[in-house]
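**Q** I would like to see how this sequence folds:
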Amino acid sequence: VTSEWAGASLFDLVQEHLKPFGHEERISLSGPLLTLQSNAVQNLGMAFHELGTNSSKYGALAVDGGHVEITWKVEMGPDARRRFHLLWEETSSAAGIGVAEKNGKEKGVAERKGFGTVVLQRVAPQSLSGSSSLERSDGSLKWALDAPLEAIIVPQLGAETDSDIAV
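**A** Here you go, the predicted model:
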């Protein structure tokens with residue numbers, strides 16, 4: 001990410017973290033243009049790195065026909081404040097989305113809980129005042145993040161109210 005910690009777009013951040021794994025044609029991104037604050041760049045970057053690494057070793061990017069879809073949106077929350085929602089969803093037609101099983105390892109991907117799980121379930125969401133869910137099943141993995149928009153984007157100069165923020 002060329003802009004270091006602050007001011008990077010979410011789109012650029014995702015692309016930069018997934019570029020080393022290749023398979024750009026099997027990764028789709030969709031969402032509004034958002035300029036991230038430094039804390040969001042750091043924590044989302046760690047999450048994307050973990051997700052990309054695991055996908056390339058055990059998930060959709062490790063098998064033919066796998067696909068990763070990353071979507072995000074901004075919605076009004078029940079407290080009348082804008083919320084950021086991100087979904088990483090990877091799918092594979094292979095039964096048991098794990099290369100680990102093919103390689104004869106005893107523990108399947110769904111059973112392991114390591115550093116990446118801690119980043120996805122605790123570090124990233126808590127650092128962004130949000131929450132997350134991580135679901136693994138045969139042929140799929142989903143990670144969802146929900147956080148207040150103000151914890152994600154750089155405040156825009158001249159924006160008087162939350163509704164003035166262009167997303």
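**Q** list the buried ones in stretch 50-59?
**A** Across stretch 50-59, burial judged by 16 or more other Cβ atoms under 10 Å covers 50-56, 58-59. For the C-beta atoms, the positions are set from N, CA and C on the backbone; glycine is no exception.
**Q** With respect to residue 31, which of the residues you listed is nearest?
**A** The shortest gap between residue 31 and any of these belongs to residue 51, at 15.7 Å (Cβ to Cβ).
**Q** Surely that closest one forms part of a helix?
**A** Yes - secondary structure of residue 51, determined by DSSP: H, G, I helix; E, B strand; the rest coil: located in a helix.
**Q** lowest confidence element among the helices and strands of the chain?
**A** helix 99-102 (a mean of 40; mean pLDDT, DSSP states H and E).
**Q** Tell me which other helices or strands the helix or strand just after that helix touches.
**A** For helix 99-102, the following helix or strand on the C-terminal side (DSSP states H and E) is helix 115-118. Counting contacts by 3 or more Cβ pairs under 8 Å, 6 or more residues apart in numbering; DSSP states H and E, helix 115-118 packs against helix 38-58.
**Q** Which residues does the helix or strand just after the helix it packs on contact?
**A** Counting by DSSP H and E, the element after helix 38-58 in chain order, helix or strand, is strand 67-76. Residues outside strand 67-76 that contact it (Cβ atoms under 8 Å, 6 or more residues apart in numbering) are 10, 14, 18, 26-32, 34, 55, 59-61, 82-92, 149, 167.
**Q** between strand 67-76 and helix 38-58, what angle do the directions make?
**A** 150 degrees (axes from the mean of the first three to the mean of the last three Cα atoms, to 10 degrees).
**Q** Parallel or antiparallel, which strands does strand 67-76 pair with?
**A** strand 27-30 (parallel), strand 82-91 (antiparallel) (DSSP bridges).
**Q** tell me the most buried of the ones you listed?
**A** strand 82-91 (a mean of 20; mean count of other Cβ atoms under 10 Å).
**Q** Quick check: residue 140 touching residue 88?
**A** No - in this structure residue 140 lies outside contact range of residue 88 using Cβ atoms under 8 Å: 10.9 Å.
**Q** which stretch among the strands paired with strand 67-76 comes nearest residue 134?
**A** strand 82-91 (9.4 Å).
**Q** hmm, back to that, which one, of the strands paired with strand 67-76, ends up nearest to residue 45?
**A** strand 82-91 (12.8 Å).
**Q** Quick check: mean pLDDT of the closest one?
**A** Mean per-residue pLDDT for strand 82-91: 97.
**Q** next one: it to chain centre, how far?
**A** Computed by Cα atoms, centre = their mean, to the nearest Å, the chain-centroid distance of strand 82-91 equals 7 Å.
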